[in-house]
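Visitor: My questions are about this predicted structure, shown below with the sequence.
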Amino acid sequence: MSDKLRLGMIGFGGRGIGMLKFALLPLSEEEVDLVAVCDLYQDRVEEAQKLIEEKHGYVPFGTTNYKDLLTMDNVDAIIIMSSWESHVDIAVDAMKAGKPVGMEVGCAYSLNDCWRLIHTYEETGIPCMMLENCCYGKRELMILNMVKKGIFGDVVHCEGGYMHDLRDEIVTGKEKRHYRLRNYLHRNCHNYPTHELGPICKILNINNGNRLLSLTSVATPAAKGLHEYVISRKGADHELANVEWRQADVVKTNIICANGEMISLTLDTTLPRTYSRNFTVRGTKANYFELNDSLYIDQQDAKYEFKGKEMWGCAEKYEEEYLHPLWKGYTVNDGHGGMDTQVFRAFINAVKLGINPPIDTYDTVTWMSIAVLSEMSIAAGGAPVAVPDFTNGKWMERTDIVDQKYGLNKIIEIEE
């Protein structure tokens, strides 16, 4: 392998092009070579090629068939940014071809697909890392650092979710060739579970001494918000004005862990609202609330019991002492405040060193599976559904986790 990691990248819709422009092209100065690009649509292939040529003066190999990339000796690893439904097929084929996979956030469609990823990893030893950027968010890593240092005591309850007004993206899905449209027409589930499930799982040591045990999911009526949006913005004659949406406006999922903790997740994407991931951590000694970026530490902050608004924004003052080492002196702006670049660096570092990535295949599959399991629970009126143990018992005593600077299990101080 050369000093630079040679990447093949698949999928150049809005997310793929955004990640190319703001994260991967800056990283290509020193850390990666973008040698091959692929999309089902030729115009997207050409757009990606043009961006890389403008940056580096060469045109990477381009194709509309992802399997072409898997036969290329000069491709060390694969980045998947395509539609949700295609992730598992591409990842499995890449792993079988000996190419480590960095896979964009997405949901699973069946437990069989989840197990296919697990079995492929265990048979080949080639990892698949979900590029869950929120695990590397500035505040998420600071709270992880504080939890590891014992500031929160025993963490017993966490909340998070994906609350984002996606009505325009969904309704214009045909024009934008965006996969969310067909998903909202045909599925009803917690379809984007890994924000903030990923960071929460690392706080609760999921798949490393703890695991997700069972869940229940309930949902509001199907996408009344989308119907209202189409009528008011596009008009009653619009082709989507009278469709039967399946996806609910709001989905609530509660997950119970083997060690007793509870995780509460919310999906809220088709009603008018401001963006939030509602990252919340409740411990016996301290609490963090992302909605107002406040930290409440027992005894120390008792005077604010009935004056909570005076604490809004106070988490910033803890940065000097508890900012995660990866964020000290870090000011990259990649469209998501720097966390996209961090998650790519974590993937690149793991592949170059030949070590298990900090978000490994077991994590990837566990987080993806929530979509399938929530779909089952919703269809059964909120009935409890067991979360499979994708590690097959390995969670009780992991031996393959490597402590390193991008790791999410142990905080490693970085020498200047």
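Guide: Here it is on my side, so go on.
Visitor: Only C-alpha atoms from now on, for both contacts and neighbour counts.
Guide: OK.
Visitor: How many residues are close by residue 356?
Guide: Residue 356 has 21 neighbours, counted by other Cα atoms under 10 Å.
Visitor: Pretty sure it sits in a helix.
Guide: No. Assessed with DSSP: H, G, I helix; E, B strand; the rest coil, residue 356 is coil; it does not lie in a helix.
Visitor: Who are the contact partners of it?
Guide: By Cα atoms under 8 Å, 6 or more residues apart in numbering, the contact set of residue 356 is 127, 350, 400, 401, 402.
Visitor: which residues in the stretch 101-250 of the chain form strands?
Guide: With DSSP state E, counting those that start in this stretch as the criterion, the stretch 101-250 of the chain has strands at 101-103, 128-130, 155-163, 212-219, 250-257.
Visitor: The one helix or strand residue 265 maps to vs strand 212-219, what angle?
Guide: Element membership of residue 265 [criterion: DSSP states H and E] is strand 262-268. Following axes from the mean of the first three to the mean of the last three Cα atoms, to 10 degrees, one obtains 30 degrees for the angle between strand 262-268 and strand 212-219.
Visitor: what packs against strand 262-268?
Guide: strand 155-163, helix 194-203, strand 250-257 (3 or more Cα pairs under 8 Å, 6 or more residues apart in numbering; DSSP states H and E).
Visitor: who does the second one touch, helix- and strand-wise?
Guide: Helices and strands touching helix 194-203, by 3+ Cα pairs under 8 Å, 6+ apart, are helix 138-148, strand 155-163, strand 262-268, helix 361-379.
Visitor: and the strands of the stretch 101-250 of the chain as a markdown table, adding mean pLDDT and mean neighbour count?
Guide: As requested, the strands of the stretch 101-250 of the chain are arranged in a markdown table below (pLDDT from 0 to 100; neighbours: other Cα atoms under 10 Å):
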| stretch | mean pLDDT | mean neighbour count |
| --- | --- | --- |
| strand 101-103 | 98 | 26 |
| strand 128-130 | 98 | 30 |
| strand 155-163 | 98 | 22 |
| strand 212-219 | 98 | 23 |
| strand 250-257 | 98 | 21 |
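Visitor: want to throw these into CSV with distance to residue 179?
Guide: Below are the strands of the stretch 101-250 of the chain laid out as CSV (distance: least, Cα to Cα, whole Å):
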stretch, distance to residue 179
strand 101-103, 16
strand 128-130, 19
strand 155-163, 17
strand 212-219, 21
strand 250-257, 19
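Visitor: For residue 31, which of these is the nearest?
Guide: Closest approach to residue 31 among the strands of the stretch 101-250 of the chain is made by strand 101-103 (15.1 Å; Cα to Cα).
Visitor: And the contacts of the closest one?
Guide: By Cα under 8 Å, 6+ apart, the surrounding residues in contact with strand 101-103 are 77-81, 87, 91, 94-95, 127-131, 347.
Visitor: do the same with stretch 230-248
Guide: With Cα under 8 Å, 6+ apart as the test, stretch 230-248 has contacts from 171, 183-189, 219-224, 227.
Visitor: do that again at 10 Å, thanks
Guide: 167-168, 171-172, 181-191, 218-229, 267-270 (Cα atoms under 10 Å, 6 or more residues apart in numbering).
Visitor: export it as CSV, just CAs?
Guide: Extracted in CSV, the C-alpha atoms of stretch 230-248 (Å, rounded to 0.1, in the frame of the first residue of the first chain):
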residue,chain,number,x,y,z
VAL,A,230,-47.4,18.9,-1.1
ILE,A,231,-50.9,20.6,-1.1
SER,A,232,-49.6,23.9,0.3
ARG,A,233,-46.4,24.2,-1.7
LYS,A,234,-47.0,22.2,-4.9
GLY,A,235,-50.7,22.3,-5.3
ALA,A,236,-53.6,19.8,-5.3
ASP,A,237,-52.8,18.6,-8.8
HIS,A,238,-49.3,17.5,-7.9
GLU,A,239,-48.6,13.8,-8.6
LEU,A,240,-47.9,13.3,-4.9
ALA,A,241,-51.0,15.1,-3.6
ASN,A,242,-53.0,12.0,-3.1
VAL,A,243,-50.5,9.3,-2.6
GLU,A,244,-50.6,7.0,0.4
TRP,A,245,-47.5,7.7,2.4
ARG,A,246,-46.4,4.9,4.7
GLN,A,247,-43.7,6.6,6.8
ALA,A,248,-45.0,8.2,10.0
